[in-house]
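A.B. asks: Here is the input, now give the coordinates:
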Amino acid sequence: MSSSGHGHTPAAWTGVIISFIGFCVSGAFIVLANVPGFWAGIVLIGLGAVVGGLMRAAGLGQEPKRSAKPRPQAQAQPQEG
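C.D. replies: Numbers count the residues shown, from 1 in each chain. Prediction:
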C-alpha cells in the first residue's frame with residue numbers, strides 16, 4: 001500500500017465527479033448541436049474545480065506536502081571593508 005493518499009479525499013472526489021458530469025453534458029450537447037447545453041457543461045467543469053478548491057480550503061483536501069529535508073539556515077555574510 002502506498003504511503004501517500006494519491007489525492008483520495010472528499011474534495012478531490014467531489015471536484016472530479018462534478019467535472020466528469022460536466023464533460024458528459026458537454027459531450028452530449030455537442031453531438032446534439034445544442035450550443036447553450038454545451039456551454040452549460042463547460043460551466044459545470046469549472047464549477048467542479050471551484051467546489052473542489054473550496055472543500056480543500058475547508059479542510060477536506062490533502063494536507064500540503066512538507067519537505068523531508070530541513071531548510072538551510074541563512075548565514076550572515078562577513079562584511080569586508
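A.B. asks: those helices in this structure, which residues are they?
C.D. replies: Assigned by DSSP state H, the chain shows helices spanning 10-31, 35-55.
A.B. asks: what's next to the shortest one, contact-wise?
C.D. replies: Right, helix 35-55. Outside helix 35-55, the residues within contact range by CB atoms under 8 Å, 6 or more residues apart in numbering are 10-12, 14-30, 61. (C-beta placed from N, C-alpha, C; glycine too.)
A.B. asks: Return a selection command, for use in ChimeraX, containing the buried ones of these.
C.D. replies: Buried residues among those (16 or more other CB atoms under 10 Å), as a ChimeraX selection:
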select :11,12,14,15,18,19,22,25,26,29,61
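A.B. asks: Which one of the helices of the chain lies nearest to Gln73?
C.D. replies: helix 35-55 (34.0 Å; CB to CB).
A.B. asks: Need the helices of the chain in JSON lines (columns: distance to Gln79 and mean pLDDT).
C.D. replies: Shown next, in JSON lines, are the helices of the chain (distance: least, CB to CB, whole Å; pLDDT from 0 to 100):
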{"stretch": "helix 10-31", "distance to Gln79": "50", "mean pLDDT": "96"}
{"stretch": "helix 35-55", "distance to Gln79": "47", "mean pLDDT": "96"}
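A.B. asks: so can I have a markdown table of those showing distance to Gln77?
C.D. replies: As requested, the helices of the chain are exported to a markdown table (distance: least, CB to CB, whole Å):
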| stretch | distance to Gln77 |
| --- | --- |
| helix 10-31 | 44 |
| helix 35-55 | 41 |
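A.B. asks: In contact with Val25: list those residues for me.
C.D. replies: Gly37, Ala40, Gly41, Leu44.
A.B. asks: how many other residues sit next to the third one?
C.D. replies: Read it as Gly41. Neighbour count of Gly41, defined by other CB atoms under 10 Å: 21.
A.B. asks: what's the distance between it and Leu60?
C.D. replies: Computed as CB to CB, to the nearest Å, the Gly41 to Leu60 distance reads 25 Å.
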